[in-house]
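Q: I'll drop the sequence and a predicted model, then ask my questions.
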Amino acid sequence: MATLAQPSPSPHAPVPAAQPRTWREGVLTEADLAHIPGEGGMPVFGNTFRMLSDPHGFTRRMVETYGPVYRNKAFGGWNVALVGADANELVLFDRDRLFSSEQGWGPILELLFPRGLMLLDFDHHRADRRALSIAFKPGPMRHYADSLNRGIADAVKGWSGAPMLFYPAIKQLTLDLAADSFIGIPWGPEADRINRAFVDMVQASVAPIRAPLPFTSMRKGVKGRAYLVDYFIRETLRRRAEGGGQDMFSQFATATREDGTMLPVDEVVDHMIFLMMAAHDTITSSATTLVWLLAKHPEWQERLRAEITAITGGGHDVGYDDLAKLDLTEMAFKESLRLIPPVPSTPRRALREFEFGGYRIPAGTPVGINQQYVHRMEEHWPDPDRFDPLRFTPEAVKARHKYAWVPFGGGAHMCIGLHFAYMQVKILMAQVLTRYEIAIEPGYEPEWQPWPIPRPKDGLRVSFREL
């Protein structure tokens, strides 16, 4: 467990002003962390390229060599990894307001997704999260469910026949669904450019060169953001002038804080860009993982199909009120999120000195947890590489460490859209499994790009065979 090296403030106390307030201040040197085991790698670049080439293998080697607390130099600076379910709980639950999400994600996302909900801390985060949560109330969610059933049904009808690449197909479908459910408009000629802008921004988030120099990934990402800012400013002003709607963007554009004031336009834009990215790319990744795993395990296709058919009565649509009844489908989705979480690791920055695992961690230290590694620790997951949705029965969940499974984060920063993600994937499964058998070639094992958001490098070649 962690212990603070100084008295803890109350949970509602402000961060002490004497400590670094942004990720640019108080950069640590190797000497500051010399008492923590670890390594710095190559001059200048540190272990950046090793992490990018095989992040999961790198983490495994570091834990085996140095233990669950180690120092590492990558992406231009030193950081400390805290690995394990207890570490997840310490960092994500953050009882003592010890860690800054803004300063943790800042070096990675500041040029691309500044002021998104995930990058806000404490009272500012609480106020904006409360304002934005109106978009996830039952009324809007029922509207999204109807839109998702229509949009997914129209798309999957064309998936039968010859083998296809699933990842680009679900990526395009997710973008189209976001246009309807999130913004409430059909995409026109700008669709491809908007999609490209999101892709460029996500790829730039882990680019080794962190400045937007000409011909770099970061430059492309920054230009993509500029395009989206212009687009969403115009849409926000139009939506406010025309008076809202049931789509998510209209809910954001007209959201108010506790004092009744609307969110500033620039904040609406920042939140919309961030949440569109989060929903678009993470759902694309997690849906692809689930389809691949079900193709590998046809017996689970049958079990999910039987569950869905019993609820839909032989139809394809699943109503909003029936989504909670799809227990096995939810368990299968959760197991796919365990095996390949769409966000493999999470950064924070320590605002005060603390102790964990027997080591003193200085104030200002960038720290990180690793969901992907913990999701395969044998002490929590026997036979961890095996696909077994029954790991998520209520009894199994109750017996396991609460923070051994954290694909949606935890604590105050628990993903605001997690129920939307469950809904979209359940509707996708209902529309697909009541029409098709998902098949892959015997022995097919796609290679995955593990960062920043996992995806199959070949696009995932699957067949949808009509029942």
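A: Cool, got the structure.
Q: convert stretch 336-355 to CSV, retaining C-alpha atoms only.
A: Presented in CSV, the C-alpha positions along stretch 336-355 are these (Å, rounded to 0.1, in the frame of the first residue of the first chain):
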residue,chain,number,x,y,z
SER,A,336,-12.2,-9.3,-24.9
LEU,A,337,-11.4,-6.0,-23.1
ARG,A,338,-9.3,-8.0,-20.6
LEU,A,339,-7.2,-9.7,-23.3
ILE,A,340,-6.7,-6.6,-25.4
PRO,A,341,-7.7,-3.4,-23.6
PRO,A,342,-8.1,-0.5,-26.0
VAL,A,343,-6.1,1.8,-23.7
PRO,A,344,-3.2,-0.4,-22.6
SER,A,345,-1.6,2.0,-20.0
THR,A,346,-2.5,5.2,-18.2
PRO,A,347,-0.1,8.1,-17.2
ARG,A,348,-0.4,10.4,-14.2
ARG,A,349,1.9,12.8,-12.4
ALA,A,350,2.5,12.8,-8.7
LEU,A,351,1.6,16.2,-7.0
ARG,A,352,3.2,15.2,-3.7
GLU,A,353,5.8,12.8,-2.5
PHE,A,354,4.5,9.3,-1.6
GLU,A,355,5.7,5.8,-1.0
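Q: report the rounded mean pLDDT for it.
A: For stretch 336-355, mean pLDDT rounds to 96.
Q: next one: stretch 84-103
A: Mean predicted confidence for stretch 84-103 is 97.
Q: stretch 299-306 too?
A: 98.
Q: how far is it from where the chain is centred?
A: Put simply, stretch 299-306 sits 27 Å off its chain's centre (Cα atoms, centre = their mean, to the nearest Å).
Q: ok, now stretch 249-258?
A: For stretch 249-258, the distance to the chain centre is 23 Å (Cα atoms, centre = their mean).
Q: straight-line length of it, end to end?
A: 19 Å (Cα to Cα, to the nearest Å).
Q: what residues of it count as buried?
A: Phe249, Ser250, Gln251, Phe252, Ala253, Thr254, Ala255 (16 or more other Cβ atoms under 10 Å). For every residue, glycine as well, the C-beta is placed using N, CA and C.
Q: now the fifth one: closest residue in space, sequence neighbours ignored.
A: What that stands for is Ala253. The shortest distance from Ala253 to any non-neighbouring residue, by Cβ to Cβ, 6 or more residues apart in numbering, is to Arg239 (4.2 Å).
Q: give me the buried positions along the helix or strand containing the one you found.
A: Applying DSSP states H and E as the criterion places Arg239 in helix 217-242. Buried residues in helix 217-242, counted by 16+ other Cβ under 10 Å: 217-222, 224-225, 227-229, 231-232, 235-236, 239.
Q: which elements pack onto it?
A: helix 191-204, helix 248-253, helix 265-296 (3 or more Cβ pairs under 8 Å, 6 or more residues apart in numbering; DSSP states H and E).
Q: among the buried residues of helix 217-242, list the two that are farthest apart in space.
A: Ser217 and Arg239 (31.9 Å; Cβ to Cβ).
Q: pLDDT weak spots in the stretch 201-350 of the chain?
A: 244 (pLDDT under 70).
Q: centroid residue for this protein?
A: Val343 (4.5 Å; Cα atoms, centre = their mean).
Q: mind listing the helices for the stretch 1-150 of the chain?
A: Using DSSP state H, counting those that start in this stretch, the helices of the stretch 1-150 of the chain run over 48-53, 55-66, 85-93, 101-109, 122-132, 138-156.
Q: if you count neighbours, what's buried in the fifth one?
A: The reference is to helix 122-132. Those buried within helix 122-132 under the rule 16+ other Cβ under 10 Å are Phe122, His125, Asp128, Arg129, Ala131, Leu132.
Q: was I right to think Tyr436 contacts Trp159?
A: Yes. Using Cβ atoms under 8 Å, Tyr436 is in contact with Trp159, at 7.0 Å.
Q: can you give me the distance of the closest residue to Thr256 other than its chain neighbours to Gly410?
A: Once flanking residues are discounted, Thr256 sits nearest to Met262: 5.5 Å by Cβ to Cβ, 6+ apart. Separation of Met262 from Gly410 (Cβ to Cβ, to the nearest Å) stands at 30 Å.
Q: more crowded one of the two?
A: Gly410 (21 against 14; other Cβ atoms under 10 Å).
Q: surely that one and Leu92 touch.
A: Yes. Here Gly410 reaches Leu92: they are 3.6 Å apart, a contact under Cβ under 8 Å.
Q: which residues does Thr284 contact?
A: Residues in contact with Thr284 (Cβ atoms under 8 Å, 6 or more residues apart in numbering) are Tyr167, Ile170, Lys171, Thr174, Ile453, Arg455.
Q: run the last query once more with 7 Å
A: Applying Cβ atoms under 7 Å, 6 or more residues apart in numbering, we find Thr284 in contact with Ile170, Lys171, Thr174.
Q: from the residues you listed, which single one is nearest Ala211?
A: Among the contacts of Thr284, and counting by Cβ to Cβ, the member closest to Ala211 is Lys171, at 28.4 Å.
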